[in-house]
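*Asks:* give me a model of this one.
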Amino acid sequence: MRALLRRLAVVPLLLLVCGWLSPAAPAHADTNVARNATPSASYTSPWENVAALNDGIDPPGSNDTVNRRWGTWPNTGTQWAQLTWNSAQTLKSAEVYFFDDNGGVRVPASWRLQRWTGSAYADIPGTYPIAVNAYNKVTFASAVSTTRLRVVLESGQGSVGLLEVKAWADDPPAGGGWNPPSNLVTPLNEVWQHVESTYPNLYGFRNYGWDQVMANGGSINYCVRWDSSAGVTAAQRDQIHATLARQFKKWMDVMAGQDGWLYSSVPVKVVGWAVRDRAQLQWNDNSVDIYVNDIRENAPQCAEPCGRFFNQSGNYPNCPGGASHHYDMSLWLTSGFGGGAGGDWGQRLGSEYYMSNLNADNMHILLHEIGHSFGLDDFYDWTPSGVCCFLMKAGSASSITEFDAWMFRDWWRHLRSRYGR
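*Replies:* Residues are numbered from 1 along each chain as shown. Here you go, the predicted structure:
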């Protein structure tokens, strides 16, 4: 597994940081766990997108013509949209934003929420408002634990649709201090001593994945560098995003409830695509910014004014669309590329490998390279005492192991003070 152009190899270029502010505590007492779910629906109009359900975009109004939408035109009757999690979530409330274009898609005659019990869907009691141009919130009488939350809509004057769904859960406790298993204490100490002795600017470097997530208040933005001559459909675009989010989540799940970590989920948003020829991208919506034939390292890239790698002050005054359109990392997919590379700039993999593993539970090369983006090292020439096989020792594991997880947490343990944690 190659770790070309890795994070610390470019330290001398990355010290243009004009101070660092600890992020304020999240304003909301709860966490929107919808962002970590997989969306699905009874039916989706071919020109709409089920990914709209939990893409994290607050609509400007019910007749949103700018962002992605989920709609069922021309189908009517009972329709549903669903969020599915890999593990049970304990929910306190949920909100939906209705899609209503004053034409074929209108607010429903009625709607309700259902939870999956393990064998069937059960209605969740509550008061269900119906309003346009606003979130419609249902607060549960008692917390609901489920792996699936379904929004059931009964059509009224037309077909139905949604622009966003939010599912609220308690923030994780701030506890969970440093308590690795006793058999891992020695190898973890060996790893950290090796890191400190190998990278003299370890603590001065300010663009680890940790810095990026914390600067954004608990989220991460990506640009896709499509370094291939192949075309990409809208469906493939959304699959590429979903796969990236699913793999990134595996590392974030390692941190939930750990040692003052703030976030139970870290949403991943793809804000841009870079390509040599616009005709390769077979969609016309404006859900992502598109950059054409802006070449760096002989590959398309998103605009430098929008990239954190180039603007580590956290300001993006020359980025079209402003700071909300900035990207923290790039997912660089290169035709014919073998192995992988990872660093503070993002991850690079073969486009063929990535596209053939869109539905894989563990895309081990991507997981390995994301580990580099957060500081984890390679283990080509040594192995810590008492451990043999783990993801960051390339070729010895295909998923995040307990030892990988504790190495990851150890990085947070040593860097958390810079964020006031």
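*Asks:* now do the same contact list for the closest residue in space to Gly260 that isn't next to it in sequence.
*Replies:* Distances taken as C-beta to C-beta, 6 or more residues apart in numbering put Arg421 closest to Gly260, at 4.2 Å, once the chain neighbours are dropped. Where you see a C-beta, it was placed from the backbone N, CA and C, and this is true even at glycine. By C-beta atoms under 8 Å, 6 or more residues apart in numbering, Arg421 lies in contact with Gly260, Trp261, Leu262.
*Asks:* for the stretch 251-400 of the chain, which segments count as strands?
*Replies:* Counting by DSSP state E, counting those that start in this stretch, the segments of the stretch 251-400 of the chain that form strands are 268-275, 281-282, 289-292, 295-296, 299-300, 329-334, 340-343, 346-350.
*Asks:* other SSEs contacting the fifth one?
*Replies:* When you say that, I think you mean strand 299-300. Applying 3 or more C-beta pairs under 8 Å, 6 or more residues apart in numbering; DSSP states H and E, one finds that strand 299-300 contacts strand 220-227, strand 268-275.
*Asks:* quick one: closest of the ones you listed to Gly338.
*Replies:* Checking those against Gly338 by C-beta to C-beta gives strand 220-227 as the closest, at 13.6 Å.
*Asks:* distance between the next helix or strand after that closest one and the chain's centre?
*Replies:* Later in the chain than strand 220-227, the nearest helix or strand by DSSP states H and E is strand 232-233. Offset of strand 232-233 from its chain centre (C-alpha atoms, centre = their mean, to the nearest Å): 20 Å.
*Asks:* now strand 232-233: mean pLDDT?
*Replies:* Mean per-residue pLDDT for strand 232-233: 97.
*Asks:* what's next to the lowest-mean-pLDDT helix or strand in the chain, contact-wise?
*Replies:* Least confident element among the helices and strands of the chain, by mean pLDDT, DSSP states H and E: strand 30-32 (a mean of 81). When contacts are defined by C-beta under 8 Å, 6+ apart, strand 30-32 is touched by residues 56, 92-93, 166-172, 263-265.
*Asks:* ok, stretch 40-47 next?
*Replies:* So stretch 40-47 is contacted by 50, 53, 70-73, 75, 78-82, 84, 159 (C-beta under 8 Å, 6+ apart).
*Asks:* ok, Thr334 - contacts?
*Replies:* Asp227, Ser228, Ala299, Arg348, Leu349, Gly350, Ser351.
*Asks:* if we go to 7 Å?
*Replies:* Asp227, Ser228, Ala299, Arg348, Gly350, Ser351 (C-beta atoms under 7 Å, 6 or more residues apart in numbering).
*Asks:* ok, Phe390 next?
*Replies:* Counting by C-beta under 7 Å, 6+ apart, Phe390 touches Ser396, Ala397, Thr401, Phe403, Asp404.
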